[in-house]
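*Asks:* Sequence unavailable; structure follows:
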């Protein structure tokens, strides 16, 4: 595992030497601004009542449609090039003939993706100190921390899935589309199924509710740090990474 | 250094290489020659552990390519065809990055990189971005990368493809220089390159080894070309009677002048005897020439499978 820092540095370098990282980061900054605007607007109307269910802070990130839409678009954009580009340019041949194991390669590419994903969340955190110190809106720090943990584990899972699809093809667009479809199903379809099931009062609605990523993250945002959800995210993540390593290893047997 | 036994690679129903066996000794420079699609690149990819063989064994520097891929990779420097590089990195930065991944110790890294930079004459471009380099420089960066960890074995896939004549000469000189310290297996379809650089040549055609011989040995094979004024058949019989001649073919029978090609035992030079015999029989000798069979002819012969038809050979 001693090669991981070297490989990671080159992956991050490749991100920031291309335009993609800046475009995505810029877009997220704009979205964070819009959401923050909305939040401040809502808070400045004291006559509006907030129930315990509708905490204003959840509208800022975890239940904002804009946030979810941009995450679903950004993660495939960040992960699509990780392995597919190496396949297309042929550099995978120089990479896989180095005295470096496949798991080291996969791990460093995944870490680079996760760091980039976390960088996307920074714009959202950037505004909060202003709200706390300048506007003197003393929000609870606990739920925010739990939301951070939940979004991180979710991101680890998403990036691992994106990496898996990037390893399957040499075409970056194909990798991005597949990743988007799968993430979309995980976030939106599970939610719709849950609503449908709940209306029918079906037994499986509860199971779907547990799997629905949107519901999970909302719960994190409300301060429910559920270790079962974290375990689920990390298990999916480890499984996807394992499959990616196996894909690279069996690539030798083509 | 390299031992290959009955190596086979099957892509679906296509057999890219078929039970090939050869060996490369320490310090040898061996050329792998063959037409496109003969299996050169597949062989090299198996040796560098990028692909695994369907059956057979490859042992490099004492390590099996299938069982100990990491140990093999540590001993081998590889220049792939078309030299894939990370376009956004700078020359020196790239070499340092690769040296790190190839476990060159920190204390020696700086020295190792600057040494390959000067050996491959990259000093002028060491801070340029790889994507902006010309083909010749990219090739040299690839070579520098292959040898930055001072491997025992260098495997070079078409090191001079796409270069201009001056660059080819430079790369060739570099390979010759490298041959003093490393065992080199290189593939090419430029014949003159093999003759200039390699000590031994392995010709692959259709996934099998057609010829595996020392270059000097291939050159020794020679023929004698004779042209004389006179009837073809009687001259042929006389020529066959000369001691040491084992094969005479009539190559032309124009108006009164006949041409012959003589094969001799062990490449003996019988030109004087030929001259004597012909003149004593009253036929005038028009030309008498010793022809070394060039590698190119042997190559065409091996690949197309038919006997050397001289007119065909010259056309290629």
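*Replies:* Structure received. It should be emphasised that the depicted structure is a prediction, and the values quoted were computed from it without experimental measurement.
*Asks:* Smallest gap between chain A and chain B, at which residue?
*Replies:* With distances taken as C-beta to the nearest C-beta, chain A approaches chain B most closely at residue A:90, which sits 3.5 Å away. For the C-beta atoms, the positions are set from N, CA and C on the backbone; glycine is no exception.
*Asks:* which ones are touching residue B:21?
*Replies:* Residues counted as contacts of residue B:21 (C-beta atoms under 8 Å, 6 or more residues apart in numbering or on different chains) are B:4, B:5, B:6, B:7, B:56, B:209.
*Asks:* how about a cut-off of 7 Å?
*Replies:* B:4, B:5, B:6 (C-beta atoms under 7 Å, 6 or more residues apart in numbering or on different chains).
*Asks:* most surrounded residue in these?
*Replies:* For the contacts of residue B:21, neighbours were counted by other C-beta atoms under 10 Å in any protein chain shown; the highest total belongs to residue B:4, with 24 neighbours.
*Asks:* That one touches residue B:22, doesn't it?
*Replies:* Yes - Residue B:4 is within contact range of residue B:22, at 5.3 Å (criterion: C-beta atoms under 7 Å).
*Asks:* three-state assignment of the residue lying farthest from the centre of chain B?
*Replies:* Most distant from the centre of chain B: residue B:282, at 46.2 Å, with distances by C-alpha atoms, centre = their mean. Here residue B:282 is recorded as coil under DSSP: H, G, I helix; E, B strand; the rest coil.
*Asks:* Do you have the strands of chain B handy? List them.
*Replies:* Ranges of strands within chain B are B:2-11, B:14-24, B:29-33, B:55-60, B:63-64, B:76-79, B:153-157, B:183-188, B:200-205, B:208-214, B:222-229, B:245-253, B:257-264, B:284-292, based on DSSP state E.
*Asks:* before we move on, back to that, with distance to chain A added, can I get the contacts of residue B:21 in a markdown table?
*Replies:* Below are the contacts of residue B:21 laid out as a markdown table (distance: C-beta to the nearest C-beta, whole Å):
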| residue | distance to chain A |
| --- | --- |
| B:4 | 17 |
| B:5 | 19 |
| B:6 | 18 |
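*Asks:* Redo these as TSV? Include pLDDT and distance to residue B:245.
*Replies:* TSV is the format used below for the contacts of residue B:21 (pLDDT from 0 to 100; distance: C-beta to C-beta, whole Å):
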residue	pLDDT	distance to residue B:245
B:4	90	39
B:5	89	40
B:6	90	40
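*Asks:* Could you report the distance from residue B:233 to residue B:247?
*Replies:* Separation of residue B:233 from residue B:247 (C-beta to C-beta, to the nearest Å): 16 Å.
*Asks:* likewise residue B:231?
*Replies:* With distances taken as C-beta to C-beta, residue B:231 is found 20 Å from residue B:247.
*Asks:* Residue 134: neighbouring residues, count only.
*Replies:* No chain in the question, so chain A it is. 8.
*Asks:* try chain B instead
*Replies:* 12.
*Asks:* what's the answer for residue A:153, then?
*Replies:* 20.
*Asks:* Quick check: which element contains it?
*Replies:* Element membership of residue A:153, judged by DSSP states H and E, is helix A:141-168.
*Asks:* what's the following helix or strand after that helix?
*Replies:* Next along from helix A:141-168, by DSSP H and E: helix A:172-184.
*Asks:* mind listing what's buried in that next one?
*Replies:* A:172, A:175, A:176, A:178, A:179, A:180, A:182, A:183 (16 or more other C-beta atoms under 10 Å in any protein chain shown).
*Asks:* List the buried residues of the helix or strand that comes right after that helix.
*Replies:* Where DSSP H and E defines the elements, the next helix or strand beyond helix A:172-184 is helix A:190-200. The neighbour-count check on helix A:190-200 (16+ other C-beta under 10 Å) flags A:190, A:191, A:193, A:194, A:197 as buried.
*Asks:* what sits up against helix A:190-200?
*Replies:* A:204, A:205, A:208, A:209, A:211, A:212, A:213, A:214, A:215.
*Asks:* likewise stretch B:138-146?
*Replies:* Contacts for stretch B:138-146 (C-beta under 7 Å, 6+ apart): B:77-79, B:83, B:85, B:91, B:94-95, B:98, B:116-117, B:120-122, B:130, B:133, B:154, B:159, B:163, B:171, B:174.
*Asks:* that older thread, so the residue of chain A closest to chain B sits against residue B:85, correct?
*Replies:* No - if you go by C-beta under 7 Å, residue A:90 and residue B:85 don't touch, sitting 9.3 Å apart.
*Asks:* out of those two, which sits in the more crowded spot?
*Replies:* For residue A:90 versus residue B:85, neighbours defined as other C-beta under 10 Å are more numerous around residue B:85 (21 against 16).
*Asks:* can you pull out the helices in chain A?
*Replies:* A:4-17, A:20-43, A:56-60, A:65-79, A:81-89, A:91-96, A:102-129, A:141-168, A:172-184, A:190-200, A:204-211, A:213-221, A:227-250 (DSSP state H).
*Asks:* any low-confidence regions in the chain?
*Replies:* I went with chain A, as the question did not name one. For chain A, the stretches with pLDDT under 70 are A:46-55, A:253-254.
*Asks:* nope, chain B please
*Replies:* B:219-222, B:266-267, B:292-294, B:305-316.
*Asks:* contacting residues for the residue of it found nearest chain A?
*Replies:* Of all residues in chain B, residue B:84 sits closest to chain A, at 3.5 Å by C-beta to the nearest C-beta. With contact set as C-beta under 7 Å, 6+ apart, residue B:84 has these partners: A:89, A:90, A:91, A:93, A:94.
*Asks:* One more pass at 6 Å, please.
*Replies:* Going by C-beta atoms under 6 Å, 6 or more residues apart in numbering or on different chains, residue B:84 touches A:89, A:90, A:91, A:94.
*Asks:* of all these, which two lie farthest apart?
*Replies:* Greatest spatial distance in these: A:89 and A:94, 9.9 Å, computed using C-beta to C-beta.
*Asks:* returning to that earlier point: who wins for proximity to residue A:164 among the strands of chain B?
*Replies:* Residue A:164 lies closest to strand B:2-11 among the strands of chain B, at 24.6 Å (C-beta to C-beta).
*Asks:* how about the residues of chain B near chain A?
*Replies:* B:48, B:50-52, B:70, B:73-74, B:78, B:80, B:84, B:88, B:97, B:100-101 (C-beta under 6 Å from any C-beta of the partner chain).
*Asks:* from these, which two are the most distant?
*Replies:* B:52 and B:88 (31.1 Å).
*Asks:* re earlier: and the helix holding residue A:153, what's buried?
*Replies:* Quick answer for helix A:141-168 (16+ other C-beta under 10 Å): A:143-144, A:146-148, A:150-168.
*Asks:* That one vs helix A:81-89, what angle?
*Replies:* Counting by axes from the mean of the first three to the mean of the last three C-alpha atoms, to 10 degrees, helix A:141-168 points 10 degrees away from the direction of helix A:81-89.
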